[in-house]
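J.: Make a model of this:
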Amino acid sequence: MKIDKQKVEEWKKQHGEIFQIETQGKSCIVRKPTRKEYSYVSVVKNPVKAQETLLNQIWLDGDEEIKTNDDLFFAVCSQLEDVLAIKEAEIKKL
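T.: Take a look at the predicted model:
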């Protein structure tokens, strides 16, 4: 997949952090999900369907084969945890 640097900059301005995930010569570009999107996915009972829904929601560009080839799909989904990484917060007793 050829990456258009201008498009990447536009996505960063629009979505904040974006990520490229690569596997077996294929790649895709995704963004972090919004709270509303993450909430919607969290109620999907089938874990594979939840991953598929999440990937479709945050997908910006990439090799479409990732969405249809099970090996590529599961490889990319295994990296979504890094996209969903939650920042740490501190709690102080007052």
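J.: Check which helix or strand the spatially most central residue of the chain maps to.
T.: Against the mean C-alpha coordinate of the chain, by Cα atoms, centre = their mean, the closest residue is V30 at 4.4 Å. Assessed by DSSP states H and E, V30 sits inside strand 26-31.
J.: Quick check: next helix or strand after that strand?
T.: Per DSSP H and E, the helix or strand that comes after strand 26-31 is helix 35-42.
J.: could you turn that following helix into CSV, dropping everything but the C-alphas?
T.: C-alpha atoms of helix 35-42 as CSV (Å, rounded to 0.1, in the frame of the first residue of the first chain):
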residue,chain,number,x,y,z
ARG,A,35,-16.0,6.8,23.0
LYS,A,36,-19.4,6.3,21.3
GLU,A,37,-17.9,3.8,18.8
TYR,A,38,-16.1,1.9,21.5
SER,A,39,-19.3,1.8,23.5
TYR,A,40,-21.2,0.4,20.6
VAL,A,41,-18.6,-2.3,19.9
SER,A,42,-18.5,-3.3,23.6
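J.: That helix packs against which elements?
T.: Packing contacts for helix 35-42, counted by 3 or more Cβ pairs under 8 Å, 6 or more residues apart in numbering; DSSP states H and E, involve helix 47-58. To be clear about C-beta, it is placed using only N, CA and C from the backbone, and glycine gets the same treatment.
J.: Output the contacting helices and strands for the helix or strand harbouring V76.
T.: Using DSSP H and E, V76 sits in helix 70-77. On a contact count with 3+ Cβ pairs under 8 Å, 6+ apart, helix 70-77 meets strand 18-23, helix 47-58, helix 65-68.
J.: Provide the contact partners of it at residue level.
T.: If you take Cβ atoms under 8 Å, 6 or more residues apart in numbering as the criterion, helix 70-77 is touched by I21, T23, Q24, K26, C28, Q51, E52, L55, D63, E65, I66, K67.
J.: what sits opposite the second one in the beta ladder?
T.: Going back to what we said before, that points to T23. Beta-bridge pairing of T23 under DSSP bridges involves K26.
J.: Please work out how many residues are found near it.
T.: When neighbours are counted by other Cβ atoms under 10 Å, T23 registers 18.
J.: Good, we can wrap up now.
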